[in-house]
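**Q** Need coordinates for the below:
(one chain, ligands or ions: 1)
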Amino acid sequence: MSDQANNNPSVQNGWVGETLHNDISFTFKVDKVLYEQKTEEWHLLLIENPQFGKVLMLDGITQVTSRDEFVYHEMMSHVPIFAHGNAREVLIVGGGDCGMAEEALKHKSINRLTQVEIDQSVVDFSKEHFSDFNAAVFIDPRFDLIIGDGAQFMAETDRKFDVIMVDSTDPIGPGAVLFTEEFYRHCYNHLTPGGILVTQSGVPFFQADEIITSVKHFSKMFKDASAYIAAIPTYIGGHMALGWASDEAGHRTIALQELETRFAASGIQTRYYTPEVHRAAFALPKFIKDAVEQGLA
Ligand code: SAM
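**A** Sure thing, here's the model as predicted:
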């Protein structure tokens, strides 16, 4: 999450600071630099930290850590998939670490999980270094990986999806196109009736603009546009907002009992997601609700 990235992070005196915002920084103690590479798109840095385990940074911005990845990945995938109830064709845009794919593929109802990631190196690297959470993805025949720009894919594809999850980097560099009205319109056009779009929309305490703008864009085409929340320790500032858009408003207000039935039937084991957490995630603290309403105005 960033409002201004310095894309050349460096480890100094055994610490590396995330180039997160202009005026604050989350700094990690570095037990070990495990990997550092200039990829097609990014300066990729993997370090070992005593609290977070493996920490992946792209252009100085934390993407995923082995300790808290489950929060983000479970909430970004299980919430829309359980709410939908019958997702067969699912798309992830971005998601190079493949943690989102791992959670989504736990749903046996999914026939095909397509992932469009811009940088092959992030996938290759994550396959090697994050196998503790993504190993199952690479042996699952339903996993369909496309290397390319997600915005271009959405503009050109003739396929339709029941759920689209945008697991992007921040709205700077290659990720910026994934926050535009045009991209969301292409997503809209490639959802099946009643399909659901979810997006990573920043930490509203610091980056309210991200969710305001996303909801503003969503509301130009979707009948129901909103957000839900999760608290991810790595993404400092409290709650992260996850954008939510669908033409089927009932998906957002689905009854707890129905979620419990779907969750129990799935047999999926989770560490953060529960049907109660799912329902509660749509109860927005006032300042986040205000941001969503600003987007809808
Ligand atoms: N949860 C993470 C976060 O926001 O901190 C995001 C993790 S995931 C690693 C983000 C992925 O989006 C990266 O692998 C990056 O290469 C990919 N990405 C960025 N822009 C993209 C684009 N235009 N099309 C497809 N993938 C893109």
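
**Q** Neighbours of residue 233, how many?
**A** Using other CB atoms under 10 Å, residue 233 is surrounded by 12 other residues. Using the backbone N, CA and C atoms, a C-beta is placed for each residue, glycine as well.

**Q** and if you look at residue 274?
**A** 15.

**Q** in what helix or strand does the closest residue to it other than its chain neighbours lie?
**A** Spatially, and ignoring its direct neighbours in sequence, residue 274 is nearest to residue 263 (7.5 Å; CB to CB, 6 or more residues apart in numbering). According to DSSP states H and E, residue 263 maps onto helix 256-266.

**Q** how distant is that helix from the center of its chain?
**A** Helix 256-266 has its C-alpha centroid displaced from the chain centroid by 23 Å (CA atoms, centre = their mean, to the nearest Å).

**Q** What is the subsequent helix or strand relative to that helix?
**A** Using DSSP H and E, the first helix or strand after helix 256-266 is helix 275-280.

**Q** helices and strands around that next one, which ones?
**A** helix 69-84, helix 256-266 (3 or more CB pairs under 8 Å, 6 or more residues apart in numbering; DSSP states H and E).

**Q** quick one on the thing from earlier: give me the contact list for the helix holding residue 263.
**A** 82, 83, 85, 106, 107, 108, 274, 275, 276, 278, 279 (CB atoms under 8 Å, 6 or more residues apart in numbering).

**Q** Just name the most buried of the helices and strands packed on helix 275-280.
**A** helix 69-84 (a mean of 25; mean count of other CB atoms under 10 Å).

**Q** Now residue 36: phi and psi?
**A** For residue 36, the backbone dihedrals (degrees, to the nearest 10) come out as phi -150, psi 130.

**Q** what's across from the nearest residue to it once chain neighbours are set aside in the sheet?
**A** Nearest non-adjacent residue to residue 36, counting by CB to CB, 6+ apart: residue 45, 5.2 Å away. Counting by DSSP bridges, residue 45 forms beta bridges with residue 36, residue 57.

**Q** okay but residue 45 is in contact with residue 32, surely?
**A** No - applying CB atoms under 8 Å, one finds residue 45 not in contact with residue 32, separated by 11.8 Å.

**Q** higher neighbour count, those two?
**A** Under the criterion of other CB under 10 Å, the comparison of residue 45 against residue 32 puts residue 45 first, with 23 against 12.

**Q** Listing request: residues of this protein with sub-threshold pLDDT.
**A** For the chain, applying pLDDT under 70 flags the ranges 1-9.

**Q** now the strands for it?
**A** In the chain, the strands defined using DSSP state E lie at 15-17, 27-29, 32-38, 43-49, 53-58, 61-65, 89-94, 112-117, 143-147, 161-167, 191-200, 224-231, 239-246.

**Q** if we can go back for a sec, for the residue nearest to residue 274, give its distance to residue 242.
**A** For residue 263, the distance to residue 242 (CB to CB, to the nearest Å) stands at 18 Å.

**Q** and if you look at residue 111?
**A** Residue 111 is 24 Å from residue 242, by CB to CB.

**Q** what's the answer for residue 167, then?
**A** Applying CB to CB to residue 167 and residue 242 gives a distance of 10 Å.

**Q** Report the set of residues contacting both of these two.
**A** Common neighbours of residue 167 and residue 242 (criterion: CB under 8 Å, 6+ apart): 76, 200.

**Q** show me the residues around the residue lying closest to residue 15 once chain neighbours are set aside that make contact.
**A** Of all residues not flanking residue 15 in the chain, residue 27 sits nearest, at 5.2 Å (CB to CB, 6+ apart). By CB under 8 Å, 6+ apart, the contact set of residue 27 is 15, 16, 17, 18.

**Q** hey, what's residue 27 bridged with?
**A** Note on residue 27: beta-bridge partners by DSSP bridges are residue 17.

**Q** residues from the stretch 151-297 of the chain in reach of the ligand?
**A** 151, 167, 168, 169, 174, 175, 177, 178, 200 (CB under 6 Å from any ligand atom).

**Q** ok, now with 8 Å
**A** Residues of the stretch 151-297 of the chain found near the ligand (CB under 8 Å from any ligand atom) are 151-153, 167-170, 173-178, 200, 234-235.

**Q** List just the nearest of the residues you listed to residue 206.
**A** Of all those, residue 206 sits closest to residue 235, with 9.4 Å by CB to CB.

**Q** sorry, back to before: now do the residue nearest to residue 15 against the ligand, distance only.
**A** Counting by CB to the nearest ligand atom, to the nearest Å, the gap between residue 27 and the ligand amounts to 17 Å.
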